[in-house]
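A.B. asks: for reference, the sequence and a predicted model appear below.
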Amino acid sequence: MFDILLRGLALGAGATILMDLWAIVLTQLGQAAPNWAPVGRWFWHLGRGKVFHESIADAEPYNNELALGWISHYAVGILYGVIFAIIMGSAWLAAPTFLPAWIFGIITVGAGWFLLQPGLGIGWAASKHPTPNKVRCFNLLAHTVFALGLYGTALIIG
């Protein structure tokens, strides 16, 4: 079991790194860079019992919210990797295939759509955002890249 947990940590870290590299590519193509400060503010308020905000921008700021946002981003990605490794087990880790990773990656979009985005004040699945369909498409693409990271990392760590 310890081996699966270690591999899960690696899967989550590798997948999150690939997702961030994807974001860098998108910024080179003109897309705005991700801003993890609002996520850090949200996590800070979450620790104080406040889940949903009308607008996270109006919530009380936290001095280290950008750092907390980055830490939270990686903590969640690593947690997803551990959960995925536990679900799939040693057989998948020995012979990884993409489809289960992709299904899991798409499932994880749900946490963003139904917890984080409403928590930030942009509605269920970004429904209050000025371009909700664009956000949804980029979410699905980012989590597909995350899935590629799970799969690719599994291949690398063998």
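C.D. replies: Thanks, I have it.

A.B. asks: all contacts plus neighbour counts: C-alpha atoms, from now on.
C.D. replies: Will do.

A.B. asks: which residues in this protein form helices?
C.D. replies: With DSSP state H as the criterion, the chain has helices at 2-28, 37-46, 65-94, 98-111, 117-120, 132-157.

A.B. asks: so where's the chain uncertain?
C.D. replies: Residue ranges of the chain with pLDDT under 70: none are present.

A.B. asks: residues contacting residue 22?
C.D. replies: By Cα atoms under 8 Å, 6 or more residues apart in numbering, the residues touching residue 22 are 142, 145.

A.B. asks: do the same with residue 105
C.D. replies: 143-144, 146-147.

A.B. asks: before we move on, what about residue 23?
C.D. replies: Contacts of residue 23 by Cα under 8 Å, 6+ apart are 33-34.

A.B. asks: re earlier: could the contacts of residue 105 go into a markdown table alongside distance to residue 114 and neighbour count?
C.D. replies: Below are those laid out as a markdown table (distance: Cα to Cα, whole Å; neighbours: other Cα atoms under 10 Å):
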| residue | distance to residue 114 | neighbour count |
| --- | --- | --- |
| 143 | 15 | 24 |
| 144 | 18 | 21 |
| 146 | 19 | 32 |
| 147 | 20 | 29 |
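
A.B. asks: for residue 1, state which of those residues is nearest.
C.D. replies: Nearest to residue 1 among those is residue 147, at 22.2 Å by Cα to Cα.

A.B. asks: follow-up on the earlier one: of the contacts of residue 105, closest to residue 129?
C.D. replies: Nearest member of those to residue 129, counting by Cα to Cα, is residue 143, at 19.2 Å.

A.B. asks: show the contacting residues for that closest one.
C.D. replies: Applying Cα under 8 Å, 6+ apart, the residues near residue 143 are 19, 105-106, 108-109.

A.B. asks: what do you get for residue 38?
C.D. replies: By Cα under 8 Å, 6+ apart, the neighbours of residue 38 are 56-57, 65-66, 69, 120.

A.B. asks: let's see 7 Å
C.D. replies: By Cα atoms under 7 Å, 6 or more residues apart in numbering, the contact set of residue 38 is residue 56.

A.B. asks: that one and residue 54, how far apart?
C.D. replies: 13 Å (Cα to Cα, to the nearest Å).
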